[in-house]
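Student: Build me a model:
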Amino acid sequence: MGVGLLESRSKYVLAPFLLIDGVLVFGLIMLWELDWLVNNTLYSYNLVFSVDWAVPYWTFLRIVAGSFLLAIAAVTFWGWVSYRQAEKRSMRLTYICRTCGGIWTIVSGGAGVRGEGESRKIRFLKSCPLCNEALLVE
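Tutor: A predicted model of the protein is given here:
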């Protein structure tokens, strides 16, 4: 796996959040189109304005638009947080055992097992914590 692919991995975290944001923005645009339809087109079909139907309509419109905007803000915030966490995770120092293939990442002063290809900075251990084999130093 190339270093360029490892560097761009944190960007893949954003894809689901961008998809959800896109769907929410589309829903908000459709809500505005519905409002335009009510305020412009339906009057040509003899829609008569009345406070009896207008006040609940305006209330519904504002509540739904506010809900869409709140959801867009929340999804964007969590997407940003996830991206930052993935970016920090990709910067961790990783050790690879040549004998058993164990992969170790320094976590809180100690070594812990992590998934393969999580870091750009790769070092080889002198001895493996799993198999205690002496490893070649390069």
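Student: Could you chop the chain up by domain?
Tutor: Per automatic domain parsing, the structural domains of the chain span 3-90, 92-138.
Student: Go through those domains and find the least confident stretch.
Tutor: Note on those: domain 92-138 shows the lowest mean pLDDT, a mean of 57.
Student: What helices and strands are in contact with the host helix or strand of L18?
Tutor: Using DSSP states H and E, L18 sits in helix 14-36. Packed against helix 14-36, as judged by 3 or more Cβ pairs under 8 Å, 6 or more residues apart in numbering; DSSP states H and E, are the following elements: helix 51-90. From N, CA and C alone the C-beta is placed, and that goes for glycine too.
Student: V23 - how many residues pack around it?
Tutor: Using other Cβ atoms under 10 Å, V23 has 13 other residues around it.
Student: quick one, what contacts it?
Tutor: By Cβ atoms under 8 Å, 6 or more residues apart in numbering, the contact set of V23 is empty.
Student: what about it, distance to M30?
Tutor: Going from V23 to M30 by Cβ to Cβ, to the nearest Å gives 11 Å.
Student: Check A15 too.
Tutor: A15 sits 23 Å away from M30, going by Cβ to Cβ.
Student: Then W36?
Tutor: 10 Å.
Student: Over to R62?
Tutor: 16 Å.
Student: tell me the angle the helix holding L18 makes with helix 51-90.
Tutor: Helix 14-36 runs at 170 degrees relative to helix 51-90, counting by axes from the mean of the first three to the mean of the last three Cα atoms, to 10 degrees.
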